[in-house]
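J.: Make a model of this:
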Amino acid sequence: MSVELNSLFNENYPDGLKLGRVALEHKHSYRVWLDEGEYLCTLAGKLTFEANGREDLPAVGDWVAVQASPGEKRGIIKGILPRKSKFSRKAAGQVTEEQIVAANVDTVFIVNSLNDDLNLRRIERYLLLAWESGSNPVIILSKADLATDLQAKLDQVSSVALGVPVIAVSVLEGTGIEELQTYLAPGKTIALIGSSGVGKSSLVNYFTGFEKQLVQEIRESDDKGKHTTTHRELVLLPGGAILIDTPGMREIQLWTSEDGITESFADIEEYADACKFRDCSHKNEPGCAVVSAIQEGLLEESRLASYKKLQKELAYIDCKLDKKAQAEEKKHWKNISKEARHNSVHKRR
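T.: The predicted structure follows:
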């Protein structure tokens with residue numbers, strides 16, 4: 001942990017509390033790494049009561065203040081330190097709520113498999129979330145030994161991953177692993193993100209040195225491999241880096257992302273700056289630089305369609321959040337008014 005983190009902790013929390021990091025979340029309990037080892041912790045009642053949503057509760061990767069129980073490896077989480085980054089998405093279902101996949105991450109490994117058709121639109125969504133998280137994205141194309149047109153696929157991905165490293169990896173053959181090692185420096189935190197079966201667990205096994213033989217047997221019998229991760233968890237690597245392995249995402253629902261879309265679609269936004277009209281919708285307007293770029297073969301039409309779709313999705317989320325905030329504000333003032341009336345009646349009596 002950094003000197004700044006220790007200083008922040010000492011300034012905000014009294015003696016007697018210990019600094020720890022959430023390694024695993026399971027329902028209402030947490031596995032937390034402290035200097036003395038792993039502790040099983042629950043939340044302080046005040047922390048739960050004051051939380052406005054799931055984003056105000058601890059997530060895997062969070063640094064927390066723990067009151068340890070004497071004589072046993074149990075404790076109570078009293079506070080959460082400010083996050084330097086958080087990889088979020090909209091929680092599954094109809095509720096408009098943020099789900100923090102991982103906190104305090106330095107690098108996000110976005111893993112995609114080369115043994116199936118690459119989905120560039122899915123990669124765009126992952127990149128959008130990664131840029132918004134405050135972490136640096138790296139795209140890993142796994143199972144490179146199964147690709148017959150590797151360079152063509154690398155070029156495809158690079159066309160939508162502007163300025164982002166794209167690394168082809170084969171755990172079976174050990175290729176590409178050396179390039180990943182530069183991100184696994186001691187004390188750094190890396191999150192593995194991707195759909196089920198793309199090879200995240202195989203990468204974890206390789207980095208930790210566990211089950212290399214098992215990985216090989218899986219690959220020989222089934223080129224799609226297996227997906228074994230069922231929860232988010234910190235994994236300490238031999239060199240001192242920390243991996244956050246995550247379950248496969250069946251759906252990649254966006255969260256608020258103003259900066260992320262600018263980073264992910266810098267090419268479109270650069271062309272858009274040259275449009276004749278500032279509010280150009282990039283359809284049939286005269287002087288549209290984006291449409292001209294498509295006509296000249298400088299930009300894929302499918303990429304513009306993806307850009308518009310994601311913008312629409314983000315606008316919908318922002319609208320829902322605004323309505324939610326308005327409803328909460330209305331409820332807040334209604335409760336104040338109700339309490340004031342109650343006090344007034346009580347005084348008259």
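J.: for this protein, which strand is longest?
T.: Counting residues, the longest strand found in the chain (DSSP state E) is strand 18-26.
J.: Which strands and helices lie in contact with that strand?
T.: Other elements packing on strand 18-26 under the criterion 3 or more CB pairs under 8 Å, 6 or more residues apart in numbering; DSSP states H and E are helix 3-12, strand 29-34, strand 37-43, strand 63-68, strand 233-236. No exception for glycine: its C-beta is placed from N, CA and C like everyone else's.
J.: Tell me which residues are up against stretch 142-155.
T.: 111-115, 118, 141, 166, 168-173, 175-176, 198-199, 202-203, 219, 223, 225 (CB atoms under 8 Å, 6 or more residues apart in numbering).
J.: For ChimeraX, write the selection for the buried entries among those.
T.: To isolate the buried subset of the contacts of stretch 142-155 in ChimeraX, counting by 16 or more other CB atoms under 10 Å, use the following:
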select :111,112,113,114,115,118,141,166,168,169,170,171,172,176,198,199,202,203,219,225
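J.: Sitting in strands, which of the contacts of stretch 142-155 do you find?
T.: V111, N112, S113, L141, V166, A168.
J.: thinking again about what came up before, can you flag the weakest of the helices and strands packed on strand 18-26 by average pLDDT?
T.: Note on the helices and strands packed on strand 18-26: helix 3-12 shows the lowest mean pLDDT, a mean of 85.
J.: how far is that helix from where the chain is centred?
T.: 25 Å (CA atoms, centre = their mean, to the nearest Å).
J.: Give me the buried positions along it.
T.: Within helix 3-12, the residues that count as buried by 16+ other CB under 10 Å are L5, F9.
J.: Pull the number of nearby residues for P70.
T.: 5 (other CB atoms under 10 Å).
J.: element containing R303, please.
T.: helix 301-348 (DSSP states H and E).
J.: nope, L127 is what I meant
T.: Short version, using DSSP H and E: L127 is in helix 120-133.
J.: Quick one: distance of that helix to the chain centre.
T.: 9 Å.
J.: Check which helices and strands it sits against.
T.: strand 86-90, strand 107-113, strand 136-142, helix 150-160, strand 189-194, helix 258-264, helix 301-348.
J.: averaged over its residues, what pLDDT does that helix have?
T.: Helix 120-133 comes out at a mean pLDDT of 83.
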